[in-house]
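> coords please:
(2 chains)
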There are 2 protein chains.
Amino acid sequence: MIKKVVIVANGAFPTNPFALEQLEKAEFIVCCDGAVNKLTGTSFVPDAIVGDLDSLHDELKIKYKDILHHFSDQETNDLTKAVNWCKDQLFTEVSIVGATGLRDDHMIGNVFLLPQYTRFIKVKMYTDHGVFTSISASQQYKSFKGQQVSIFATNPQIKITTSNLKYPLNNQCLSMLWQGTLNESLDDYFGLKISGGDLVVYQEY
Amino acid sequence: MIKKVVIVANGAFPTNPFALEQLEKAEFIVCCDGAVNKLTGTSFVPDAIVGDLDSLHDELKIKYKDILHHFSDQETNDLTKAVNWCKDQLFTEVSIVGATGLRDDHMIGNVFLLPQYTRFIKVKMYTDHGVFTSISASQQYKSFKGQQVSIFATNPQIKITTSNLKYPLNNQCLSMLWQGTLNESLDDYFGLKISGGDLVVYQEY
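Below is the predicted model:
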């Protein structure tokens, strides 16, 4: 059974319509810790708040006391705590919003956690400019002609074959992280086939 | 002889005082291609414009015809074209601003190009939230107690030893890119010693 959830991470609150649409149609909203401060003044209401709770304002701790889930583990960040909690609640598909836009190191960290999450849950990260996903085998992506696409290999040994991309790869490796950026879809879908690791994929809206 | 330059990349124009200060004290300003559009209406004037020039408005192409440097190579992005041009002009230190804030894939690509640039020029990338640098050996960083610090290993074999960081590493590897995020300086300096590759370092302002 498909069970969908939206996680609001603790970056900048989304402004892009595609990202906001995720919240608007959400059946269940999980807020990372301090992110709940950012829902104040919007029409969105958290169904659960997950994290170490150290960045949650005191009045909100009282208001939301029944939906707080405290995890103090220092080995994982708040986004990972939230994704793990969603897995435990048997959610099967997660859309992450608000994971970018403030601290650049958090943004990079969050993006490159996607492969780890993808091992146990279907996940998409919607930013104000595009969507990040992760794959470890083959996938065909819905796209459009001219869509800007970037792929990031999480290790230099990953062999990648593309179809319908402007700069094709044929069983080739990307020895550096920036080398798969600035590609472009040639049609209403493109394909990626990989072996030897995980790929993070970015599609501009 | 030290010869300093500031490169304005084609992301969001900086708003943070530390990033803007780089422009204010700049002796020479190089604009990546379309970034020059963003200088219009500011007090900053480009000394050189470098790139494939395909995103430069026509009236600016005429206005700046004497300082345009056209490179059409499709294997490098505009930021790399600008850094390479600075190297050829014998600049020795470059501050990059405006490399983040719009497309997330460009931001990641730009950040992980720093190790490549660092091989031939001293480089710092100032974002609206912090500063990125890259090292391949040992370095002591000026810091302050409580400064948020993240390190990104560009391959999982790099051995890292830290000093004065809250979560220390002792000749250890970071097998995944997110694992060195969310560290913190314990004093007015911290140290990093690495072997086996390049590290990208982020210090929050």
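
> Do you know the pLDDT at the closest residue in space to A:Asp198 that isn't next to it in sequence?
Leaving aside its chain neighbours, A:Asp198 sits nearest to A:Pro115 (3.5 Å; criterion: Cβ to Cβ, 6 or more residues apart in numbering or on different chains). From N, CA and C alone the C-beta is placed, and that goes for glycine too. The per-residue pLDDT reported for A:Pro115 equals 96.

> helix, strand or coil for A:Pro115?
Under DSSP: H, G, I helix; E, B strand; the rest coil, A:Pro115 falls in the helix class.

> what about it, how many neighbours?
A:Pro115: 22 surrounding residues under other Cβ atoms under 10 Å in any protein chain shown.

> can you pull the contacts of it?
The contact partners of A:Pro115, taken as Cβ atoms under 8 Å, 6 or more residues apart in numbering or on different chains, are A:134, A:136, A:154, A:198, A:200.

> Same list (those) but as a markdown table, adding distance to A:Thr42 and secondary structure.
As requested, the contacts of A:Pro115 are arranged in a markdown table below (distance: Cβ to Cβ, whole Å; DSSP: H, G, I helix; E, B strand; the rest coil):
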| residue | distance to A:Thr42 | secondary structure |
| --- | --- | --- |
| A:Ser134 | 28 | strand |
| A:Ser136 | 35 | coil |
| A:Thr154 | 34 | coil |
| A:Asp198 | 33 | coil |
| A:Val200 | 29 | strand |
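
> I'd like to know which of the residues you listed is nearest to chain B.
Chain B has its nearest neighbour among these in A:Thr154, at 6.8 Å by Cβ to the nearest Cβ.

> Distance of the closest residue in space to the closest one that isn't next to it in sequence relative to B:Asp66?
In this structure, A:Thr154 finds its nearest non-sequential neighbour in A:Asp198, 4.7 Å apart by Cβ to Cβ, 6+ apart. A:Asp198 is 48 Å from B:Asp66, where distance means Cβ to Cβ, to the nearest Å.

> go on, A:Leu165?
38 Å.

> one step back: neighbour count for A:Asp198 and B:Asp66, which is higher?
Legend: neighbour count by other Cβ under 10 Å for A:Asp198 and B:Asp66, higher for A:Asp198 (21 against 6).

> Which pLDDT value belongs to that one?
Per-residue pLDDT puts A:Asp198 at 94.

> Report the secondary structure state of the residue most central in space within chain A.
Nearest to the mean C-alpha position of chain A, by Cα atoms, centre = their mean, lies A:Met125 at 2.5 Å. With three-state DSSP as the basis, A:Met125 sits in strand.

> So it is in contact with A:Ala99, correct?
Yes - between A:Met125 and A:Ala99 there is a contact at 5.5 Å, judged by Cβ atoms under 8 Å.

> what's the overlap in contacts for the two?
Counting by Cβ under 8 Å, 6+ apart, the residues touching both A:Met125 and A:Ala99 are A:110-111.

> Can you flag the buried ones in the contacts of A:Pro115?
A:134, A:136, A:154, A:198, A:200 (16 or more other Cβ atoms under 10 Å in any protein chain shown).

> Now for the residue nearest to A:Thr154: which residues touch it?
Neighbour list for A:Asp198: A:115, A:118, A:134-136, A:154, A:158 [criterion: Cβ under 8 Å, 6+ apart].

> near chain B, which residues of chain A?
The interface of chain A toward chain B, taken as Cβ under 8 Å from any Cβ of the partner chain, is made up of A:77, A:100, A:102-113, A:116, A:127, A:129-130, A:132, A:148, A:150, A:152, A:154-156, A:176-178, A:181-182, A:202, A:204.

> which ones among those residues are found in strands?
Mapping the residues of chain A next to chain B onto strands (DSSP state E) picks out A:130, A:132, A:148, A:150, A:152, A:202, A:204.

> For A:Asp54, state which of these is nearest.
A:Phe132 (26.6 Å; Cβ to Cβ).

> Just the buried positions in stretch A:7-27, please.
The neighbour-count check on stretch A:7-27 (16+ other Cβ under 10 Å) flags A:7-14, A:19-20, A:22-23, A:26 as buried.

> Apologies, that question was intended for stretch A:39-53.
Buried residues in stretch A:39-53, counted by 16+ other Cβ under 10 Å: A:39, A:44, A:46, A:48-53.

> Kindly report the same for stretch A:68-82.
A:68, A:71, A:76-82.

> send the alpha carbons of it over as PDB?
Output of stretch A:68-82 as PDB, limited to C-alpha atoms (Å, rounded to 0.1, in the frame of the first residue of the first chain):
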ATOM      1  CA  LEU A  68       6.600  15.800  19.300                       C
ATOM      2  CA  HIS A  69       9.000  12.900  18.700                       C
ATOM      3  CA  HIS A  70      12.300  13.400  20.300                       C
ATOM      4  CA  PHE A  71      15.500  11.700  19.100                       C
ATOM      5  CA  SER A  72      18.800  12.900  20.500                       C
ATOM      6  CA  ASP A  73      21.200  10.700  18.500                       C
ATOM      7  CA  GLN A  74      24.100  12.900  17.500                       C
ATOM      8  CA  GLU A  75      25.200  10.600  14.700                       C
ATOM      9  CA  THR A  76      22.300  11.600  12.400                       C
ATOM     10  CA  ASN A  77      20.900  15.000  11.400                       C
ATOM     11  CA  ASP A  78      17.300  16.100  11.800                       C
ATOM     12  CA  LEU A  79      16.400  15.200   8.200                       C
ATOM     13  CA  THR A  80      17.600  11.600   8.700                       C
ATOM     14  CA  LYS A  81      15.700  11.400  12.100                       C
ATOM     15  CA  ALA A  82      12.600  12.500  10.300                       C
END
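
> next one: it to chain centre, how far?
Mean C-alpha position of stretch A:68-82 versus that of the full chain (Cα atoms, centre = their mean, to the nearest Å) differs by 16 Å.

> so A:Phe91 makes contact with A:Lys3?
Yes - when contacts are counted by Cβ under 8 Å, A:Phe91 is listed as touching A:Lys3 (4.9 Å).

> So which of these two has more stuff around it?
Comparing A:Phe91 with A:Lys3 by other Cβ under 10 Å, the one with more neighbours is A:Phe91, at 21 against 13.

> quick one: what helix or strand has the more buried one in it?
Per DSSP states H and E, A:Phe91 falls between elements, in no helix or strand.

> Please name the nearest non-neighbouring residue to it.
Leaving aside its chain neighbours, A:Phe91 sits nearest to A:Val5 (4.3 Å; criterion: Cβ to Cβ, 6+ apart).

> Since that was my last question, I'll sign off now.
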